[in-house]
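>>> coordinates for the following, if possible.
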Amino acid sequence: MMSQSVLYVSLLKRLKAALNRAPQTRHIATLAVLILLSSCAQQPVQPPPSKVAVPAKFDEQAPEGALTGEQELRSWWTVWHDPALDELIDEALKANTDIRIAQARVAEARAMLGIAR
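Next up, the predicted model:
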């Protein structure tokens, strides 16, 4: 049985001999590596600047009956006066830990903002 090191040396010698017999293979491999490396160096394409003029302030008022206050926006689904929907939303809010975690993070951020001021 041949040891692993002898096997590796034998394989390396065969590979070197194959590359020496076919120099174009080496050139093709080098070219392929260069192409792959150059593709990583391209600059990102910037989107064209917007041609739409956006006003600094809108003069329109919210339509009558629209929810505008922060408290009203927290319970936007109550507009339909549907007790089944209210029950589903309450159940989802109680069972959804992601929302509780997000609410805790918002409260933490607000507290940190208060401390920073």
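
>>> so who does the most centrally placed residue in the chain touch?
For the chain, Pro44 is the residue whose C-alpha lies nearest the centre (C-alpha atoms, centre = their mean; 16.8 Å). Listed by C-beta atoms under 8 Å, 6 or more residues apart in numbering, Pro44 has no contact partners. Quick note: C-beta positions are derived from backbone N, CA and C, even for glycine.

>>> same deal with Thr78?
Contacts of Thr78 by C-beta under 8 Å, 6+ apart are Asp86.

>>> the helix ranked longest in the chain: how far from the chain's middle?
With secondary structure taken from DSSP state H, the chain has its longest helix at helix 97-116. In terms of C-alpha atoms, centre = their mean, to the nearest Å, the centre of helix 97-116 is set 22 Å apart from its chain centre.

>>> identify all contacting residues around it.
So helix 97-116 is contacted by Leu93 (C-beta under 8 Å, 6+ apart).

>>> could I get the CA-only coordinates of that helix as CSV?
Coordinates of each C-alpha in helix 97-116 appear next as CSV, following Å, rounded to 0.1, in the frame of the first residue of the first chain:
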residue,chain,number,x,y,z
THR,A,97,-44.8,37.6,21.0
ASP,A,98,-43.1,39.4,18.1
ILE,A,99,-45.4,42.4,18.5
ARG,A,100,-44.7,42.4,22.3
ILE,A,101,-41.0,42.3,21.6
ALA,A,102,-41.3,45.1,19.1
GLN,A,103,-43.4,47.2,21.5
ALA,A,104,-40.8,46.7,24.2
ARG,A,105,-38.1,47.8,21.9
VAL,A,106,-40.0,50.9,20.9
ALA,A,107,-40.6,51.7,24.6
GLU,A,108,-36.9,51.2,25.3
ALA,A,109,-35.9,53.4,22.4
ARG,A,110,-38.3,56.1,23.6
ALA,A,111,-36.9,55.9,27.1
MET,A,112,-33.3,56.1,25.7
LEU,A,113,-34.3,59.2,23.7
GLY,A,114,-35.8,60.8,26.9
ILE,A,115,-32.5,60.1,28.7
ALA,A,116,-30.4,61.5,25.9
